[in-house]
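Engineer: Structural data only, the sequence is not supplied:
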């Protein structure tokens, strides 16, 4: 079955790249084999799929984001924290702090911190351009979707690989390296 799922993933990815698939899922009916779900924005469910991923969390959420200011995403992360999920995030320093003239993105990060969510900023790169979420060490959401309200006006893609601890482990290792190199966010008065 693993060979079939790998083949199915490769076919799906090829079709996606060739523009033959606009929004689809690959599901296995045999337990918890990896499943793939995709959505596109602004018209084809990108944000709802991101929110769905966050809502499934039972133990942990790890967010790596270029920008993290979407009210819907913030509320979903805070709701997850309130139901006992360990939520941590690392974001790009430049966009979220240094170049935030209106303070909107800093306020969003402060809101997460006030809810007890660990937030770090990373300035080790020209841009920390990652955009992914790892849930319960087994589900990965990735794609072009920035976790910002403005993303709902852009052409975006969201890809979720459900039930793949090996892939989640690769993403978690990358996430941990960015989080460890980050600095704890401190709200400014």
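Structural biologist: Yep, it's here. Note that the structure is a prediction, hence the values are computed from the model and not measured.
Engineer: for the chain, what spans make up the strands?
Structural biologist: Using DSSP state E, the strands of the chain run over residues 25-26, 35-41, 60-65, 86-92, 118-122, 131-135, 139-143, 156-162, 183-184.
Engineer: could I get these as JSON lines with distance to residue 172, mean neighbour count and mean pLDDT?
Structural biologist: The way it works is simple: take the backbone N, C-alpha and C, and place the C-beta from them, glycine included. Converted to JSON lines, those look like this (distance: least, Cβ to Cβ, whole Å; neighbours: other Cβ atoms under 10 Å; pLDDT from 0 to 100):
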{"stretch": "strand 25-26", "distance to residue 172": "23", "mean neighbour count": "15", "mean pLDDT": "44"}
{"stretch": "strand 35-41", "distance to residue 172": "19", "mean neighbour count": "21", "mean pLDDT": "93"}
{"stretch": "strand 60-65", "distance to residue 172": "6", "mean neighbour count": "24", "mean pLDDT": "98"}
{"stretch": "strand 86-92", "distance to residue 172": "11", "mean neighbour count": "24", "mean pLDDT": "97"}
{"stretch": "strand 118-122", "distance to residue 172": "15", "mean neighbour count": "21", "mean pLDDT": "96"}
{"stretch": "strand 131-135", "distance to residue 172": "5", "mean neighbour count": "23", "mean pLDDT": "98"}
{"stretch": "strand 139-143", "distance to residue 172": "9", "mean neighbour count": "22", "mean pLDDT": "97"}
{"stretch": "strand 156-162", "distance to residue 172": "13", "mean neighbour count": "21", "mean pLDDT": "95"}
{"stretch": "strand 183-184", "distance to residue 172": "20", "mean neighbour count": "11", "mean pLDDT": "95"}
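Engineer: how about the ones you listed in CSV, adding distance to residue 150?
Structural biologist: CSV is the format used below for the strands of the chain (distance: least, Cβ to Cβ, whole Å):
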stretch, distance to residue 150
strand 25-26, 27
strand 35-41, 11
strand 60-65, 13
strand 86-92, 15
strand 118-122, 20
strand 131-135, 13
strand 139-143, 15
strand 156-162, 10
strand 183-184, 25
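Engineer: Figure out which of those strands is closest to residue 107.
Structural biologist: strand 118-122 (12.2 Å; Cβ to Cβ).
Engineer: on contacts alone, who are the packing partners of that closest one?
Structural biologist: In this structure, strand 118-122 makes packing contacts with strand 86-92, helix 104-114, helix 165-180, strand 183-184, judged by 3 or more Cβ pairs under 8 Å, 6 or more residues apart in numbering; DSSP states H and E.
Engineer: packing partners for the third one?
Structural biologist: Just to be clear, that refers to helix 165-180. strand 60-65, strand 86-92, strand 118-122, strand 131-135, strand 139-143.
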